[in-house]
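S.K.: missing the sequence, but the structure's below:
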């Protein structure tokens with residue numbers, strides 16, 4: 001009997017020690033808060049309002065205007081206006097960031113310009129560039145203006161195409177709306193390709209391409225006064 005009492009006493013003591021050592025607390029770790037959702041880039045500017053495409057601007061101080069972008073996260077948006085003297089926007093003559101959808105810029109006279117806008121939110125997210133528009137600032141005593149460089153339609157630069165017949169497609173432009181434009185196509189398998197076809201009056205040309213090869217091409221534009229602009233070089237690869 002005494003032995004049983006001793007055993008029960010030991011069990012009771014162990015139970016008391018276990019309860020004391022637990023401290024009565026909850027050892028379950030606090031849940032990890034969910035990560036912040038990824039930032040959503042603002043939408044691209046859908047419309048360039050002014051100057052419109054191929055416009056002849058009689059004043060070289062120009063107020064640029066474009067449509068507003070939107071941001072799904074509700075972040076504040078700023079706009080980066082880029083103005084260049086080439087259609088691929090490498091020779092930048094003015095670049096500025098503004099919080100509104102307008103900006104006034106003074107440019108050189110008698111020069112063909114190209115412009116686009118990129119939207120940016122306060123988290124660093126950027127939209128795709130807008131369409132690129134060309135315009136010309138009137139020079140003193142100028143009666144005829146050189147045409148703009150041809151704009152690429154298809155195939156997209158550095159794209160993949162299928163073997164066979166490919167239609168090279170572009171769009172020309174000139175502030176002198178009465179001018180007739182002709183085109184010279186340069187096409188080949190190396191950079192700075194040779195002249196392939198002259199006196200083209202349409203804005204497209206069919207070529208035959210071979211699988212596994214990369215082709216380079218450009219289009220030079222000439223107006224009926226003989227003024228010529230050298231086009232941008234594009235490339236594509238054949239599947």
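M.R.: Received, thanks. It should be emphasised that the depicted structure is a prediction, and the values quoted were computed from it without experimental measurement.

S.K.: Domain parsing of the chain, as residue ranges.
M.R.: Domain assignment for the chain by automatic domain parsing gives 48-137, 148-238.

S.K.: would you list those in a markdown table and tack on mean pLDDT?
M.R.: As requested, the domains of the chain are arranged in a markdown table below (pLDDT from 0 to 100):
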| stretch | mean pLDDT |
| --- | --- |
| domain 48-137 | 96 |
| domain 148-238 | 95 |
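
S.K.: out of those, nearest to residue 35?
M.R.: For residue 35, the closest of the domains of the chain is domain 48-137, at 14.7 Å, according to CB to CB. Any C-beta I mention is one placed from the backbone N, CA and C, and that applies to glycine too.

S.K.: measure the closest one end to end?
M.R.: End-to-end distance for domain 48-137, by CA to CA, to the nearest Å: 17 Å.

S.K.: Reformat the domains of the chain as JSON lines; add mean neighbour count and distance to residue 41.
M.R.: Listed next are these as JSON lines, based on neighbours: other CB atoms under 10 Å; distance: least, CB to CB, whole Å:
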{"stretch": "domain 48-137", "mean neighbour count": "16", "distance to residue 41": "4"}
{"stretch": "domain 148-238", "mean neighbour count": "16", "distance to residue 41": "21"}
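
S.K.: wait, which of those is closest to residue 40?
M.R.: Residue 40 lies closest, by CB to CB, to one member of those: domain 48-137, at 4.4 Å.

S.K.: partners of the helix or strand harbouring residue 104 in the sheet?
M.R.: Assigned by DSSP states H and E, residue 104 belongs to strand 102-106. Applying DSSP bridges to the sheet, strand 102-106 is found paired with strand 61-66 (antiparallel).

S.K.: tell me the pLDDT at residue 16?
M.R.: Predicted confidence (pLDDT) for residue 16: 47.

S.K.: tell me the angle of the strand or helix carrying residue 83 relative to strand 61-66?
M.R.: Using DSSP H and E, residue 83 sits in strand 77-84. Angle, strand 77-84 to strand 61-66, by axes from the mean of the first three to the mean of the last three CA atoms, to 10 degrees: 130 degrees.

S.K.: Need the residues that contact strand 77-84.
M.R.: For strand 77-84, contacts defined as CB atoms under 8 Å, 6 or more residues apart in numbering pick out 42, 45, 64, 66, 68-71, 89-101, 103, 105, 107, 113-122, 129.
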